[in-house]
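Novice: need a 3D model of the sequence below.
(chains A, B, C and D)
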2 protein chains.
Amino acid sequence: MADTTTRAPHAVLAVVLQVRDRRLEVLLDAGALPGAELAPGESLEACARRHVDARALAHLEQLETRTLPARRDARTRLVTAYLGLVPSDGAAAGDWHAVGDLPPLPAGHGEIVLAARARLRAKLSYTNVGFALAPETFAISELRDIYAAALGHDVSPTNLQRVLVRRGVLEPTGAHRGPGRAGGRPAALFRFSARKIEITDQFGFLRPPAL
Amino acid sequence: MADTTTRAPHAVLAVVLQVRDRRLEVLLDAGALPGAELAPGESLEACARRHVDARALAHLEQLETRTLPARRDARTRLVTAYLGLVPSDGAAAGDWHAVGDLPPLPAGHGEIVLAARARLRAKLSYTNVGFALAPETFAISELRDIYAAALGHDVSPTNLQRVLVRRGVLEPTGAHRGPGRAGGRPAALFRFSARKIEITDQFGFLRPPAL
DNA sequence: GCAAAAGTGTTGTGTCTACACCCATGT
DNA sequence: ACATGGGTGTAGACACAACACTTTTGC
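Specialist: Here you go, the predicted structure:
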């Protein structure tokens, strides 16, 4: 439309995260978080997907909206940040950097990445978001590596399996993976029973009375 | 500034909640959520406080940003919603309505109120946000009524006290409230040990190894 | 003493951690 | 046989729900 230039700038940034080689990585574009100016009539979510390989995104959610100093003029500049997740076997094209070892970023981008990681860590504990980081099917040891990289601490495969199966988050496929070069028992393959986000641990306390 | 009218409209709405008479209530302004257009150079949070009695707000946090249909023209209209909380003994001036018995609201406002209530309910379980709904000091039975109204289900005073004290959220003041007309044991008065939000139940599961 | 309101004791249950042990495969 | 990697059994810790019981007040 002709009034495009009369709109105050509103940008959408995406923090796209992935686990590869046991590290949590974020997608950068020209040394910054990928993003775009919101076009007239465009939804925020559509804008977030615009500069990301949308097919690879298994999950996308809004993080927060901030005012950032503008790059050129001094006017208030609004930025809405999104968190996107890509499975570890997804098309990994792009400029991925380990979170926690990032190059210098534009003002504010670093904080947004940390907010995204904090959100991911919290949601791994009480939702099934893991599906968005894991391949379609996987062995528990593979899932363990993904959780450990995302959470930043070691995870016991024993308990990971039992917790997620008890909650109904994971289900066995019946298939098995062949053992590696050095032998070892074949690993059972699992899948996430749902591939969209759900809360799996609803009540921290104060649940409603049984009757 | 002279360029005010050239900015695309970005509004900030506030869902201000309060418990009064054992009901969760929301503040309305002229039949809609209170809000304002963002002024140039103004922060989102300052804008949210602008049309609310800012002294009474014990807590304010951002909810989400949406695109809503504009009221007059057909352009995309961005709205950032905030959740504000007022203690039950705060200055209650304003047009308060019971959540769940609201008059017809502008498009989208109803959903935002429900999102705010859902956020409050979740955070009551794993943070100390209760401080923002409760008076400075209170008896457990009073806190019970506040939690029950906000959560929408009955709450046991026995367990509420033990859970919150064990977590270090509540602490006894040592003072007691005189008994009512019909007698009864004097109630001990408590306070929240912190008056800003903290996470009190950090790990739902998968906590880091003990050593 | 009795009713009312508040607080404590105690038991049970569910969910998680930790760790020992058992199973299936390759060499 | 034995090393390697995967899975199961089980005991203990912890936090919360439920409910009975005791304490402190007014009448």
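
Novice: measure the residue lying closest to residue A:139 once chain neighbours are set aside to DNA strand C for me?
Specialist: Leaving aside its chain neighbours, residue A:139 sits nearest to residue A:187 (3.6 Å; criterion: Cβ to Cβ, 6 or more residues apart in numbering or on different chains). The C-beta positions use only the backbone N, C-alpha and C, and glycine is treated the same way. Using Cβ to the nearest atom of the strand, to the nearest Å, residue A:187 is found at 10 Å from DNA strand C.

Novice: now residue A:22: how far from chain B?
Specialist: To chain B, residue A:22 is 16 Å away according to Cβ to the nearest Cβ, to the nearest Å.

Novice: wait, that residue touches residue A:148, no?
Specialist: Yes: here residue A:22 reaches residue A:148: they are 7.0 Å apart, a contact under Cβ atoms under 8 Å.

Novice: who's more crowded, these two?
Specialist: residue A:148 (19 against 11; other Cβ atoms under 10 Å in any protein chain shown).

Novice: dump the residue contacts of that one.
Specialist: A:22, A:154, A:155 (Cβ atoms under 8 Å, 6 or more residues apart in numbering or on different chains).

Novice: ok and the residue in chain A nearest DNA strand C?
Specialist: residue A:183 (2.6 Å; Cβ to the nearest atom of the strand).

Novice: look up how far chain B lies from residue A:91.
Specialist: Applying Cβ to the nearest Cβ, the value for residue A:91 to chain B is 29 Å.

Novice: that residue belongs to a helix?
Specialist: No: read with DSSP: H, G, I helix; E, B strand; the rest coil, residue A:91 is coil and lies in no helix.

Novice: and which of the contacts of residue A:148 is nearest residue B:199?
Specialist: residue A:155 (20.4 Å; Cβ to Cβ).

Novice: is the closest one in contact with residue B:206, as I believe?
Specialist: Yes: the pair residue A:155 / residue B:206 is scored as a contact, 6.1 Å apart, by Cβ under 8 Å.

Novice: intersection of neighbour lists for the two?
Specialist: With Cβ under 8 Å, 6+ apart as the test, residue A:155 and residue B:206 both reach residue A:147.

Novice: hang on, the earlier thing: list the contacts of the residue nearest to residue A:139.
Specialist: Per Cβ under 8 Å, 6+ apart, neighbours of residue A:187: A:139, A:140, A:141, A:176, A:177.

Novice: need the residues of chain A near DNA strand D, please.
Specialist: A:139-141, A:157-158, A:161, A:179-180, A:182-188, A:204-207, A:209-211 (Cβ under 7 Å from any atom of the strand).

Novice: tell me the secondary structure at residue A:165.
Specialist: Secondary structure, three-state DSSP: residue A:165 is helix.

Novice: for residue A:190, see how far away it is.
Specialist: Computed with Cβ to Cβ, to the nearest Å, the distance linking residue A:165 and residue A:190 is 8 Å.

Novice: between those two, which is the more surrounded one?
Specialist: residue A:190 (23 against 15).

Novice: quickly list what the more buried one is bridged to.
Specialist: residue A:138, residue A:172 (DSSP bridges).

Novice: and what of residue A:19?
Specialist: residue A:24.

Novice: does it touch residue A:89 like I think?
Specialist: No: taking Cβ under 8 Å as the definition, residue A:19 is not a contact partner of residue A:89, at 10.3 Å.

Novice: pick out whichever of the two has more residues nearby.
Specialist: Neighbour totals were compared for residue A:19 and residue A:89, and residue A:19 leads with 21 against 15 (other Cβ under 10 Å).

Novice: and that one, what does it touch?
Specialist: Taking Cβ under 8 Å, 6+ apart as the criterion, residue A:19 is in contact with A:25, A:88, A:133, A:145, A:146, A:149, A:150.

Novice: just those residues: which has the poorest pLDDT?
Specialist: Scanning the contacts of residue A:19 for pLDDT, the low point is residue A:88. It has 93.
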